[in-house]
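A.B. asks: What shape does this take:
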Amino acid sequence: MNELDALRADARSELRANAELIYRHSATWSDGTTCRFSVQDPSKVDGNLARSLRSRPDAADLRILKVHQDDSRPALAARTPFDSGGVLFVERYPQQSDFLDSGLAVCRLVRPERSVAYALVFPTASGQGRDSKGNPVVVRGDPQIIPARLEASTDPSVRESVGAAAATVVLFGRWGTAGNPLPNPPGIGWGSSSVLEMQGQVGSLVVKLAWPDADPIQSQIFGEPFIATWRAGK
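C.D. replies: Residues are numbered from 1 along each chain as shown. As a prediction, the model looks like this:
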C-alpha cells in the first residue's frame, strides 16, 4: 500500500467511525435503494459545490446529499419523503474527488404544499357499439382523471406555435403533482380536451404539444411538460 492508499484508507476509516454523526438519515428511495445519508443546505456550508449552487436562481430548493460510502446510491431522479412533507429528488452526481469518492449528489427539495394541481378529466373510448336503431356508435369508457400543474405563458413564440387566438390562454403544464411527477399519459395527445375551471370561470383545456425538457432528468423530477390552450365557455 502506497502513501496515497494509506491516507485514503484512514479517511474512510474515520468516516465509518463517525457514521452515526455524519449520516443521520436513512431511507428507502423510489428506485428501491436503501442508504444512510446526510443533507446540507448550500447556503449554510462552504465548499466549491455549495458556492456554485448558491449562484443558481433556484438555489433555495437545492440540497447537497452525501451517501455513506458502504451503501448503494439512489439513481438519478429517485425520490424519498424528507423534511416534514417535502420530497427529495436526486438531480445529478457531480464529478467526484480522485482522492475519496464521497457519494456526493445535488438534490432538489420539492414542497408539494406550494404547488396547485388541477384534476383534468379526459373522456375515453372503449370500442364500437350500436345504438337502439342499430347504427354504429363509439362506446365511451371510464374517463381518465390526470393531475397536472398549469401556468399561463405569454411567450409569443409559444402562442404562435399553437395558433392561439387573442381570447385564448396558452398554458405550460406538467403532468402529475409536485412530488409525484408523471410521464405523458397514454392516449392523451394533440386535441385531447378536458373541462377546466380557472379562477371561477368554466372553460375547455385542449392539449396541443409535448414540450420536452433539454435535460430528461428534469422531466422525471417535475413531470413531463406540455403546452395546452384554455378558452372560457363550454
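A.B. asks: Okay, domains of this structure per the record?
C.D. replies: Domain ranges of the chain: 3-111, 115-232, per automatic domain parsing.
A.B. asks: Out of these, which gets the lowest mean score?
C.D. replies: Note on these: domain 3-111 shows the lowest mean pLDDT, a mean of 84.
A.B. asks: ranges for the strands of this structure?
C.D. replies: With strands called from DSSP state E, the chain shows them at 25-28, 34-40, 62-67, 79-82, 86-92, 104-110, 118-130, 136-152, 169-177, 180-181, 193-198, 201-210, 225-232.
A.B. asks: returning to what we had before: the domains of the chain into JSON lines, with extra columns for mean neighbour count?
C.D. replies: (C-beta placed from N, C-alpha, C; glycine too.) Formatted as JSON lines, the domains of the chain follow (neighbours: other CB atoms under 10 Å):
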{"stretch": "domain 3-111", "mean neighbour count": "15"}
{"stretch": "domain 115-232", "mean neighbour count": "15"}
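A.B. asks: Reformat the strands of the chain as TSV; add distance to residue 218.
C.D. replies: Converted to TSV, the strands of the chain look like this (distance: least, CB to CB, whole Å):
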stretch	distance to residue 218
strand 25-28	22
strand 34-40	20
strand 62-67	13
strand 79-82	13
strand 86-92	8
strand 104-110	9
strand 118-130	21
strand 136-152	14
strand 169-177	10
strand 180-181	10
strand 193-198	24
strand 201-210	14
strand 225-232	9
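A.B. asks: between the ones you listed, which gets nearest to residue 219?
C.D. replies: Using CB to CB as the measure, strand 225-232 is the one of the strands of the chain that comes nearest residue 219, at 6.7 Å.
A.B. asks: Bridged to residue 40, which residues?
C.D. replies: Beta-bridge pairing of residue 40 under DSSP bridges involves residue 64.
A.B. asks: That one and residue 62 touch, don't they?
C.D. replies: No - counting by CB atoms under 8 Å, residue 40 does not reach residue 62; the two are 10.1 Å apart.
A.B. asks: Which one, of the strands of the chain, ends up nearest to residue 216?
C.D. replies: strand 225-232 (11.1 Å).
A.B. asks: Parallel or antiparallel, list what pairs with that closest one.
C.D. replies: With DSSP bridges as the test, strand 225-232 is paired with strand 169-177 (antiparallel), strand 201-210 (antiparallel).
A.B. asks: got JSON lines for the ones you listed, with distance to residue 45 too?
C.D. replies: Below are the strands paired with strand 225-232 laid out as JSON lines (distance: least, CB to CB, whole Å):
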{"stretch": "strand 169-177", "distance to residue 45": "30"}
{"stretch": "strand 201-210", "distance to residue 45": "38"}
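A.B. asks: These: which one's closest to residue 57?
C.D. replies: Ranking those by proximity to residue 57 (CB to CB) places strand 169-177 first, at 17.3 Å.
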